[in-house]
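> quick one, what's the 3D model for this:
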Amino acid sequence: MDIADNKEFWLHLEHRISREFSASRDNSIRFLWVDGFVPGSIEPQLDRNRVLASAWVEGDRRMNYICRVTLLLDAVAAEAFRSNDWRKLVPAEDVHGWLSVDKAASHITVTYG
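The predicted structure is shown next:
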């Protein structure tokens, strides 16, 4: 199975991003969570070392929207993506600084390496 279609990977990444939101000191993102990746939105662009996707992001009742998500892959992550080794693509719980959020642009960036 191609990683772009691997529901288990996207579910793990969704939960990991949500945990990183909740651990943030930034109140503007601390109460957000990812409520799933939009089916059919996954666009691997491995020649550019990135993967694009869309995700539903929720907050309080007034805040739910679709966010664009970019996975910026280093060489190790790109190889893991190509070889369907998705476990290497979910950031470890003790690793931080890999997630950035631009709420105004509705964009999340996950940076590997």
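
> surely residue 45 is in contact with residue 51?
Yes: with contact defined as CB atoms under 8 Å, residue 45 and residue 51 form a contacting pair (6.7 Å). The C-beta positions use only the backbone N, C-alpha and C, and glycine is treated the same way.

> now do the buried residues in the lowest-mean-pLDDT helix or strand in the chain.
In the chain, the helix or strand scored least confidently by mean pLDDT, DSSP states H and E is helix 27-30, which has a mean of 91. Going by neighbour count (16 or more other CB atoms under 10 Å), the buried part of helix 27-30 is residue 29.

> list the neighbours of it that are in contact with it.
21-24, 101, 103 (CB atoms under 8 Å, 6 or more residues apart in numbering).

> more neighbours: which of residue 45 and residue 51?
The neighbour count for residue 45 versus residue 51, taken as other CB atoms under 10 Å, is higher for residue 51 (22 against 12).

> which residues pair with the more buried one across the strands?
Per DSSP bridges, the residues bridged to residue 51 are residue 44, residue 71.

> got it, and residue 33?
residue 58.

> and the gap between it and residue 24?
12 Å (CB to CB, to the nearest Å).

> where do the helices sit along this structure?
7-22, 27-30, 75-82 (DSSP state H).

> contacts for the last one, please.
Meaning helix 75-82. Contacts of helix 75-82 (CB under 8 Å, 6+ apart): 3, 44, 46, 49, 51, 71, 73, 85-86, 88-89, 112-113.
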